[in-house]
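Visitor: Turn this into a model:
(one chain, ligands or ions: 1)
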Amino acid sequence: MTIDQRPPTAEEGPEEPTNRPTPMHLFRNWLKRRYAKRLIWLTLIISAGWIAATFLAVYFMNMSGGPASAIMSEIELTMYVLAWVCAPLMGVTLAIALYSMIGGWGRVKGDKQPDQDGPGIRNNSIATIGWAVWVSALAAFLVVWGLVELANIQAFANGSVAANQQPNSQQSITVNVTGQQWVWTFAYPDQNKVTTDVLVVPINTPIYFNVTSKDVVHSFWVVEMGVKIDANPGAITNTGFTATKLGTFNIRCAELCGLHHAYMETQVKVVTQDEYNSWVRENGGVRLS
Ligand SMILES: [Cu+2]
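Guide: Okay, the predicted model is just below:
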């Protein structure tokens, strides 16, 4: 019996090098480069600025008094969550773009090649696998969050959440909404057909709308409630909300419907149950029991 100690033949190929740097080692080396530090700082600044901008956007949005319903609160929460989970990815992408635009990789005069090769990110398994996992997880989260919130909002708006499981347990009120060039009219079939051109609703009570149009397509938009639905001639669409805040909020037409579309707006007054009952009586309606 002999021990084979011959060197590898040409068919067997050369020996595996044992001093190949690990991905983590490559990554640490990359971090030491000057532009890497700059890119990381740029990423942090852009991400933080983006998060600050979302606060500012929602602050401006709420200057007219919102959110005034559970639906609008869910929408604002979704705006924050979607913007924040995307902030780091957006930060790193914009950082690289911006850094490239300002020539941060090192200016090369004339048509000379840069004398230094770029970093070996392509061959770094941590970087490539990490990127794939990060982006996939982000996309999956956005889909799941969107579907869950959409179901939540529709349950509130369409009354598939029973009145006693809404944020309150009040009896619901139905309002028939009619759009026409260029006014909104509201009729209360439950209250002896009271009609008005300014919507009045009691707080913490589910309001359900049957929406239609007398002429062209309009869109019934209750801004601070986060509710918007088309008003189509010859058809009825349904939506709803439960006001969670007292005050006066905006109703607009959100579908270009002719010359005075921009002025097709009115208001919704959210009042207490007692004020609502008095208002109904004053307008010749039947008092709610
Ligand atoms: Cu309109």
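
Visitor: When you work out contacts or count neighbours from here on, use the C-alpha atoms and nothing else.
Guide: OK.

Visitor: who's in contact with Ile207?
Guide: 172-175, 201, 240-242 (Cα atoms under 8 Å, 6 or more residues apart in numbering).

Visitor: same thing but 6 Å
Guide: 172-174, 240-242 (Cα atoms under 6 Å, 6 or more residues apart in numbering).

Visitor: do the same with Tyr208
Guide: 174, 240.

Visitor: Check the contacts of Ile207 and tell me the two furthest apart.
Guide: Thr174 and Thr242 (11.8 Å; Cα to Cα).

Visitor: Helices of the stretch 151-289 of the chain, start to end?
Guide: 273-282 (DSSP state H, counting those that start in this stretch).

Visitor: residue in it nearest to the ion?
Guide: His218 (4.0 Å; Cα to the ion).

Visitor: Look up the closest residue to Leu82, ignoring the ones flanking it.
Guide: Leu142 (6.9 Å; Cα to Cα, 6 or more residues apart in numbering).

Visitor: Looking at that neighbour now. What's its pLDDT?
Guide: Looking at Leu142, its pLDDT stands at 95.

Visitor: Show me what the one helix or strand it maps to is packed against.
Guide: Mapping Leu142 onto the secondary structure by DSSP states H and E places it in helix 125-157. Contact analysis of helix 125-157 by 3 or more Cα pairs under 6 Å, 6 or more residues apart in numbering; DSSP states H and E lists strand 237-242 as its packing neighbours.

Visitor: which helices and strands sit right next to the strand it packs on?
Guide: Against strand 237-242 (3+ Cα pairs under 6 Å, 6+ apart) you get helix 125-157, strand 206-213.

Visitor: which ones are touching Lys269?
Guide: Lys269 makes contact with 200, 247-248, according to Cα under 6 Å, 6+ apart.

Visitor: Now for Pro21, how many residues are close by?
Guide: Residue neighbour count, defined by other Cα atoms under 10 Å, stands at 9 for Pro21.

Visitor: repeat for Tyr99
Guide: Tyr99 is flanked by 16 other residues according to other Cα under 10 Å.

Visitor: Contacts only, for the closest residue in space to Thr266 that isn't next to it in sequence.
Guide: Nearest non-adjacent residue to Thr266, counting by Cα to Cα, 6+ apart: Ile251, 5.1 Å away. The neighbourhood of Ile251, defined by Cα under 6 Å, 6+ apart, consists of 221-222, 265-267.

Visitor: What residues are bridge-paired with Ile251?
Guide: Val222, Thr266 (DSSP bridges).

Visitor: where do the strands sit along the stretch 51-200 of the chain?
Guide: 173-180, 183-188, 194-196, 199-202 (DSSP state E, counting those that start in this stretch).

Visitor: so, in contact with the ion or not, the second one?
Guide: If I follow you right, that is strand 183-188. No. Taking Cα under 5 Å from the ion as the criterion, strand 183-188 and the ion are apart, separated by no less than 7.5 Å.

Visitor: what inclination does that strand have with respect to strand 173-180?
Guide: 160 degrees (axes from the mean of the first three to the mean of the last three Cα atoms, to 10 degrees).

Visitor: what is the rounded mean pLDDT of strand 183-188?
Guide: 94.

Visitor: Pop the domain breakdown of the chain in here.
Guide: 23-105+125-157, 165-282 (automatic domain parsing).

Visitor: Asn204 contacts Phe241, doesn't it?
Guide: No. Applying Cα atoms under 6 Å as the test, Asn204 and Phe241 come out as separate, 9.3 Å apart.

Visitor: the more surrounded of these two?
Guide: Neighbours were counted for Asn204 and for Phe241 using other Cα under 10 Å; Phe241 has more, 27 against 24.
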